[in-house]
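1. Provided below are the primary sequence and the corresponding predicted coordinates.
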Amino acid sequence: MNKRTQHLLSFFLVAFFVFIAIGSGDDADENKNATSTTEESKTVESPKKSEKEEAISISAAELFKNYKEDIDKADSEYKGKFLTVEGVVNDINKDIDGKPYLTLKTDDRFGEVQCFFDKSATIESLKKGQTVKVNGKVLGMMFTVILKECKLVE
């Protein structure tokens, strides 16, 4: 097997494991209800403003640049938080589990922001080159900056 084939095989194996890791995340904490009722008091708390509503707005280019310059600093600032990311659609596809995702262009030749949506999301109507805003939770950076739980922002 020549070196080029070995490199391609290694790349695809790493990409496969990244997709598996993203798809196997535990969503139990994400489905908690904002209201709670206790048996004794039967009181209901008023809904709190969700993290999604308080999302930081940033361009895809700036987000990728921040991660590329200092991944630890960017993780401390963004990881686990919801961001509203604006950028130009570079690609639209589905992962191995059938979940749709899109990638947003950055100023870096090889850099992208990858946004994963719920299986029920319909993003096929988007076009490459179209400017969009996406709200999603930052997982961090593995070749690309990865967001999950994404929704298109109008």
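-> Received it, and whenever you're ready, just let me know what you need.

2. now tell me which helix or strand of the chain has the poorest mean pLDDT.
-> Least confident helix or strand, the chain: helix 3-23 with a mean of 55, by mean pLDDT, DSSP states H and E.

3. list the buried ones in the very next helix or strand once past it?
-> Sequence-wise, the next helix or strand downstream of helix 3-23 (DSSP states H and E) is strand 56-59. Buried residues in strand 56-59, counting neighbours by 16 or more other Cβ atoms under 10 Å, are found at 58-59. Using the backbone N, CA and C atoms, a C-beta is placed for each residue, glycine as well.

4. give me the mean pLDDT for strand 56-59.
-> For strand 56-59, mean pLDDT is 94.

5. name the helices or strands packed onto that strand?
-> Counting contacts by 3 or more Cβ pairs under 8 Å, 6 or more residues apart in numbering; DSSP states H and E, strand 56-59 is packed against strand 82-94.

6. which elements pack onto the strand it packs on?
-> Checking 3+ Cβ pairs under 8 Å, 6+ apart, strand 82-94 ends up next to strand 56-59, helix 60-69, strand 100-105, strand 112-117, strand 131-142, strand 144-153.

7. tilt between that strand and strand 144-153?
-> Interaxial angle, strand 82-94 versus strand 144-153 (axes from the mean of the first three to the mean of the last three Cα atoms, to 10 degrees): 100 degrees.

8. what pairs with strand 82-94, parallel or antiparallel?
-> strand 56-59 (parallel), strand 100-105 (antiparallel), strand 131-142 (antiparallel) (DSSP bridges).

9. just the C-alphas of it, formatted as CSV.
-> The C-alpha atoms that make up strand 82-94 are tabulated as CSV, following Å, rounded to 0.1, in the frame of the first residue of the first chain:
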residue,chain,number,x,y,z
PHE,A,82,-24.8,28.2,22.3
LEU,A,83,-23.6,30.5,19.5
THR,A,84,-25.3,32.1,16.6
VAL,A,85,-22.8,31.7,13.8
GLU,A,86,-23.2,33.5,10.5
GLY,A,87,-21.4,32.3,7.4
VAL,A,88,-21.6,31.2,3.8
VAL,A,89,-22.7,27.6,3.1
ASN,A,90,-19.9,25.6,1.7
ASP,A,91,-21.5,22.1,1.8
ILE,A,92,-24.7,20.4,2.7
ASN,A,93,-24.7,16.6,3.5
LYS,A,94,-25.7,13.9,6.0
